[in-house]
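1. need coordinates for the following:
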Amino acid sequence: MPNTLTGAPAAAAIYAQVREIAARLDVPPCLAAVSVGAQPDDLAYLRSIAQAAEANGIIVRPVALPADCAPDALTRTLRSLSADGAVHGVLLLRPLPKALRAQALLDTLDPRKDVDGMTTASLGALVTGAAGFAPCTAEACMALLRAHGIDPAGKRVTVVGRSLVIGRPAVLLLTRADATVTLCHRQTPDLAARCRDADILLAAAGTPGLITRDFVRPGQIVLDAGATAAPDGTLRGDVTDAAAAVPAACTPVPGGIGSVTTALLLLHTVQAAEKSHHF
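-> All right, here's what the predicted structure looks like:
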């Protein structure tokens, strides 16, 4: 049986930082969570955020927009939250409807409150190594590896999924950590072979069951960053149960990368609140 790489050690260490910073603040840190026509996986994520925030002294302000939200309604919301001094961090749940995916819309959010690294300024900081918040799930992959003593330096890593939420930011973070990274997606020829070649496989396509037994081999480290809600509300990862039984170690869904993602989101929020005192 493979070693299960749970997110608990990394999340516990991050929450200790959250509480330490929150205790220094004069006001409770506040995270605005914006959803557009929230889907079951969005609702599951919002529940986990709210529970963790309450346990760590952080206020979560849900902001629900309709599924047919117009672009100008989204930009008004982001501008309003940017100007609201009581809000320290803003999360916009993604993926968004196609009509709302233009980067110019996202860039109406103040980068100082962009705690999930979605604006051009935040992504640019990730590329250059400047100060800013990285996308939480991509950063969570790195934090989980560190918590389990796994160093990606010198390793061959295959990332499956090219979104700006996980895949491409993870490539930058892994490259910065001296890994040799191959970025793939569902249209990559002979995807299974490219996955088997890796020392570390990061599945981040958001396609339940994409990574089957043929995609993995013994001795690998597999990170499953997929988390798609089934009709009954349960979360499914990109890696099948049969595939997860093969590598040397694999993250579970739930209880793996997602738990670290939530912890980092709240850490970014309290860090943004702390920085706001100095502007």
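
2. does residue 176 touch residue 126 like I think?
-> No: Residue 176 is not in contact with residue 126 according to Cβ atoms under 8 Å; the separation is 9.1 Å. Where C-beta positions appear, they are placed from N, C-alpha and C, glycine not excepted.

3. more neighbours: the two, which one.
-> For the pair residue 176 and residue 126, the greater number of neighbours falls to residue 126 (22 against 12), based on other Cβ atoms under 10 Å.

4. just checking, the more buried one is part of a helix?
-> Yes: assessed by DSSP: H, G, I helix; E, B strand; the rest coil, residue 126 belongs to a helix.

5. show me the helices in the stretch 151-279 of the chain, by range?
-> According to DSSP state H, counting those that start in this stretch, the stretch 151-279 of the chain carries its helices in the segments 167-176, 191-196, 241-244, 257-276.

6. pretty sure residue 258 contacts residue 6?
-> No: contact between residue 258 and residue 6 fails when scored by Cβ under 8 Å: they sit 10.9 Å apart.

7. low-confidence bits of the stretch 101-250 of the chain, can you list those?
-> When residues are selected by pLDDT under 70, none of them lie in the stretch 101-250 of the chain.

8. can you give me the strands in it?
-> 156-160, 180-184, 200-203, 221-224, 228-229, 235-236, 249-250 (DSSP state E, counting those that start in this stretch).

9. what sits closest to residue 252 if chain neighbours are left out?
-> The shortest distance from residue 252 to any non-neighbouring residue, by Cβ to Cβ, 6 or more residues apart in numbering, is to residue 4 (5.7 Å).

10. can you count the residues close to residue 191?
-> Neighbour number of residue 191 under other Cβ under 10 Å is 19.

11. what do you get for residue 224?
-> Neighbours around residue 224, by other Cβ under 10 Å: 25.

12. report the contact partners of residue 26.
-> If a contact means Cβ atoms under 8 Å, 6 or more residues apart in numbering, then residue 26 has residue 277 as its contacts.

13. ok, it to residue 238 distance?
-> To residue 238, residue 26 is 43 Å away according to Cβ to Cβ, to the nearest Å.

14. then residue 77?
-> Distance of residue 77 to residue 238, computed by Cβ to Cβ: 31 Å.

15. between these two, who's got more neighbours?
-> Using other Cβ under 10 Å, the more surrounded residue of residue 77 and residue 238 is residue 238, with 27 against 20.

16. quick one, helices of the stretch 1-150 of the chain?
-> Counting by DSSP H, counting those that start in this stretch, the stretch 1-150 of the chain has helices at residues 8-24, 40-55, 71-83, 103-106, 120-128, 136-147.

17. deepest-packed of those, please.
-> helix 136-147 (a mean of 24; mean count of other Cβ atoms under 10 Å).

18. by how many degrees do that one and helix 120-128 diverge?
-> Relative orientation of helix 136-147 and helix 120-128, computed by axes from the mean of the first three to the mean of the last three Cα atoms, to 10 degrees: 30 degrees.

19. give me the residues contacting helix 136-147.
-> Taking Cβ under 8 Å, 6+ apart as the rule, helix 136-147 contacts 5, 7, 9-10, 13-14, 115-117, 151-152, 165-167, 169-170, 172-174, 177, 200, 202, 204, 221, 223, 225, 251, 256-258, 260-265, 268.
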